[in-house]
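> Show me the folded form of this:
(2 chains)
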Amino acid sequence: MHFLYNLLKFIVDDFSIMSFWFWTCLAAFAVIYYTVGKRLRVQWILLLLASLFFYRANCSTKLMLWMLVPVCLTYLVALVINNLQGLRRSLLLFCAVAASVAFLVYFKERNFFIVTHNALACVFNFGHWEKVNIAAPLGISYLILMLVSYTLDVSWGLVKPQKNPLKFLLYVIYFPITTSGPITRYVEVENQLFAEHNFDYDRFCFGVQRVVWGMFKKMIVADRIGLIVGTIYGNWENYTGFTLAIGLLAYTLQVYTDFSGCIDMALGASQILGINLPENFRQPFFSSSLSEIWRRWHMTLGFWVKDYILYPMLKSRLIQQFSNFLKTRLGKKNRYAKLIPTWCGMLVVWFTVGFWHGGSWKYIFGGGLFFFIMIAGGQLLEPLFAWLIRIMRIRTETASWRLFHRLRTFFLFAVAVSFQRAPSFKTGLCMWKRVFVEFNPWIFVDGTLFNIGLDAKDFFVLLFGGMIMLFVELGEHGNKAESISMRRWIAGQNIAFRWIIYLGLVFSIIIFGMYGPDYNAKSFIYAGF
Amino acid sequence: MTREEVFEKLNEVFRDVFDDEDIKVAESTNADDIEDWDSLSHINLVVAVEKEFGIKFSMGETQKMKNVGEMVDIILERTK
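Numbers count the residues shown, from 1 in each chain, chains lettered A, B, ... in the order given. This is a model prediction of the structure:
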């Protein structure tokens, strides 16, 4: 008994999605799930128990109980909302959404208001508030967005409310999605979570492959880029020119490989259990514009803000009246009469996206407002760009033009994201200023690259890992008709070739993966948002 | 109003929203068929259709409509 207790405590001490124990337990769980669970028709109950165990293992009991507050509230509101009419219904809907958002703000974004209050206090000379750092329930940012989407979907008649509170709890804390999403709508999983699943060998293999691919991204690529980023951001005063630019731009690559690796693991773990979750990335760095990149990057967040903020805002009476006013003043066909009301909605959306990433201006700017400025600015200046392209006789159907667009999009995106890693918005600006004080292209050949966090060996491992990722992304890029699912492509090859690839990936993780006593694999970047 | 009449009116709305006089919509026309039909223009389109036919789409319908045919079904139901 004592041994069992110690074993459980040991597991509970480190049971993140990157821990050895998580995957060992998942393998054992899958066996029980497909045998006993299937026979007794209790698969969803087993999922709930596993999810509760996972939640408790990564979060204190007190915070877990806190998490249940908005969950219970949403569950109850959804049950009664469609029985109400008129003002009472609108009021209850507003209160339910506001309460969930207030819960998120209380735990995650309180310091934004404290810092803003202190800034005003300096101007108007009144008392300062101390910053507060409190622990938040696991995955609260994702959980609240899911609760809001459920409440609104029920009220809009898109889904029927779930009457069983335990089934509803499973939807909210289903363990593969609690760490970093994807933000899953109830309608996307309701038929899968509570259904019976037979063991499917192909689906199981695809799930395992996806998990291994996620680990490859995280442990071979993301964590190595993290060393470069950590070195440069940690001592940014000592770097200038291209060296500093490498660190700033590399952060975006770190976020992508880290976050998409985490999502691959979550989707793979879920696929092993027979439940398909929504995709969160679609080769974002092949985008030709910032609006396109946001349709391919953190897609579930993009869909969420579109469906629950942008659409309701643009359909609101206020925006419609404003739109009519502009059309009357500027003319029905005037492009700005169409664009300006849209910008109002976009401004709110981008502010929300930035604010969701963190309650400080570096997130609001780097995670949101920068994109608003660029997209709205691009639309505003579109006639000028079109004129320039015409008079410079640029061929826009060429590969070089498309490449230019993609590089430009990546650069602008990376500039914005780089602010999120800086200690503050002001420091982020100082860092970019230092990029332009020196022109030092020789750093690419004089060995400097091997002295910014990685030695030559690790640098080439990173380069090799990056090349494999690029190869896979190139294969999967394109229209649905043209793109290749690499997993399906590999599955269609001969057994010897397949296993060379599988074993190659597994051994590369074992040999080159970043782990060991000093390594903290728990720290997924997006787990902190 | 007949289905054909709805399509006639819809063609005008689509041409106005997407600034393209050559657009001609059919039952199966969806966002993949019209280059500028993204999430932003979708909502502008929905609002323009609402004005043209004097109806209101719910938020659920706004999200669920998969093609023009589904839009026409709702319009015909509302304008009965």
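> For A:Met67, which non-adjacent residue is spatially closest?
Using CB to CB, 6 or more residues apart in numbering or on different chains and skipping the chain neighbours, the partner closest in space to A:Met67 is A:Pro137 (3.9 Å). C-beta coordinates here come from the backbone N, C-alpha and C atoms, glycine included.
> That neighbour: helix or strand, and which one exactly?
Per DSSP states H and E: A:Pro137 is located in neither a helix nor a strand.
> Also B:Asp22?
Going by DSSP H and E, B:Asp22 is not part of any helix or strand.
> what sits against the residue lying closest to it once chain neighbours are set aside?
Nearest non-adjacent residue to B:Asp22, counting by CB to CB, 6+ apart: B:Arg15, 8.0 Å away. Listed by CB atoms under 8 Å, 6 or more residues apart in numbering or on different chains, the contact partners of B:Arg15 are B:21-23.
> I'd like those residues laid out as CSV, including distance to A:Arg203.
Formatted as CSV, the contacts of B:Arg15 follow (distance: CB to CB, whole Å):
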residue, distance to A:Arg203
B:Glu21, 49
B:Asp22, 45
B:Ile23, 42
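> most neighbours, which of the residues you listed?
If you count neighbours using other CB atoms under 10 Å in any protein chain shown, the busiest of these is B:Ile23, which has 19 neighbours.
> That one and B:Val13, how far apart?
B:Ile23 sits at a distance of 10 Å from B:Val13 (criterion: CB to CB, to the nearest Å).
> ditto for A:Ser90
Noted for A:Ser90: a distance of 29 Å to B:Val13, by CB to CB.
> Show the low-confidence segments of chain B, by residue range.
For chain B, no stretch has pLDDT under 70.
> Try it again at 90.
Applying pLDDT under 90 to chain B flags residues B:1-3, B:16-23, B:30-45, B:47-48, B:51-52, B:54-66, B:77-80.
> Give me the pLDDT for the residue lying closest to A:Ala266 once chain neighbours are set aside.
Nearest residue to A:Ala266, sequence neighbours excluded (CB to CB, 6+ apart): A:Pro176, at 4.2 Å. The score at A:Pro176 is 94. That number is its pLDDT.
> can you pull the contacts of A:Pro176?
Counted by CB under 8 Å, 6+ apart, A:Pro176 has contacts A:17, A:266-267, A:269-270, A:277.
> How many residues are close by B:Lys24?
Look at B:Lys24: counted by other CB under 10 Å, it has 10 neighbours.
> packing partners for the helix or strand where B:Lys51 lies?
Using DSSP H and E, B:Lys51 maps to helix B:39-53. With contacts taken as 3 or more CB pairs under 8 Å, 6 or more residues apart in numbering or on different chains; DSSP states H and E, helix B:39-53 sits against helix A:311-315, helix A:335-357, helix B:3-18, helix B:59-64, helix B:68-78.
> Now for the residue in the stretch 151-300 of chain A that chain B sits nearest to: which residues touch it?
Closest approach between the stretch 151-300 of chain A and chain B, counting by CB to the nearest CB: A:Trp156, at 3.7 Å. For A:Trp156, the contact set (CB under 8 Å, 6+ apart) comprises B:58-60, B:63.
> For the stretch 201-350 of chain A, which residue gets nearest to chain B?
Closest contact between the stretch 201-350 of chain A and chain B, by CB to the nearest CB, is at A:Leu314 (4.5 Å).
> wait, doesn't that residue sit right on B:Leu45?
No. A:Leu314 lies out of contact with B:Leu45 (CB atoms under 8 Å); the separation is 11.0 Å.
> the more surrounded of A:Ser90 and B:Val13?
Legend: neighbour count by other CB under 10 Å for A:Ser90 and B:Val13, higher for B:Val13 (18 against 13).
> Would you check that the more buried one makes contact with B:Asn44?
No. Look at B:Val13 against B:Asn44 with CB under 8 Å: they stay out of range, at 10.1 Å.
> Excluding sequence neighbours, find me the nearest residue to whichever residue of chain B sits closest to chain A.
Nearest residue of chain B to chain A, counting by CB to the nearest CB: B:Gly60, 3.7 Å away. Distances taken as CB to CB, 6+ apart place A:Trp156 nearest to B:Gly60, at 3.7 Å, with adjacent residues excluded.
> So which residues of the stretch 51-200 of chain A form helices?
Secondary structure of the stretch 51-200 of chain A (DSSP state H, counting those that start in this stretch): helices located at A:61-81, A:86-108, A:110-124, A:140-155, A:165-173, A:175-178, A:186-193.
> tell me the most buried of those?
The densest packing among these, expressed as mean neighbour count by mean count of other CB atoms under 10 Å in any protein chain shown, is seen in helix A:175-178 with a mean of 26.
> can you give me how far that one is from the chain middle?
Put simply, helix A:175-178 sits 13 Å off its chain's centre (CA atoms, centre = their mean, to the nearest Å).
> can you check stretch B:28-41 too?
Distance, stretch centre to chain centre, for stretch B:28-41: 10 Å (CA atoms, centre = their mean).
> And the pLDDT at A:Leu143?
A:Leu143 is assigned 95 on the pLDDT scale.
> Check A:Val187 too.
On pLDDT, A:Val187 comes in at 92.
> next one: phi and psi at the residue of the stretch 151-300 of chain A closest to chain B?
The phi and psi torsions at A:Trp156 (degrees, to the nearest 10) take the values phi -90, psi 0.
> Not counting sequence-adjacent ones, nearest residue to the spatially most central residue of chain A?
For chain A, the residue nearest the mean C-alpha position is A:His298 (4.6 Å; CA atoms, centre = their mean). Counting by CB to CB, 6+ apart, the nearest residue to A:His298 once its immediate chain neighbours are dropped is A:Asn280, at 6.0 Å.
> what do you get for A:Lys163?
With sequence-adjacent residues excluded and distances taken as CB to CB, 6+ apart, A:Lys163 is closest to A:Leu79, at 7.0 Å.
> my guess is the one you found contacts A:Pro161, does it?
Yes. Between A:Leu79 and A:Pro161 a contact is recorded at 5.3 Å, counting by CB under 8 Å.
> Pull up the residues of chain A that are close to chain B.
By CB under 8 Å from any CB of the partner chain, the residues of chain A that approach chain B are A:152-153, A:156-158, A:291, A:295, A:306-307, A:310-312, A:314-315, A:320, A:323, A:333, A:335, A:338, A:342, A:346.
> For ChimeraX, write the selection for the buried entries among those residues.
In ChimeraX syntax, the buried subset of the residues of chain A next to chain B is picked out as below (16 or more other CB atoms under 10 Å in any protein chain shown):
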select /A:152,153,156,158,291,295,306,307,310,311,312,314,315,323,338,342,346
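> ok, and A:Phe411, which helix or strand is that part of?
For A:Phe411, the host element (DSSP H and E) is helix A:399-421.
> List the contacts of A:Gly157.
A:Gly157 touches A:82, B:58, B:60, counting by CB under 8 Å, 6+ apart.
> Quick one: low-confidence residue ranges for the stretch 101-250 of chain A.
Low-confidence segments of the stretch 101-250 of chain A (pLDDT under 90): A:107-136, A:156-158, A:179-181, A:202.
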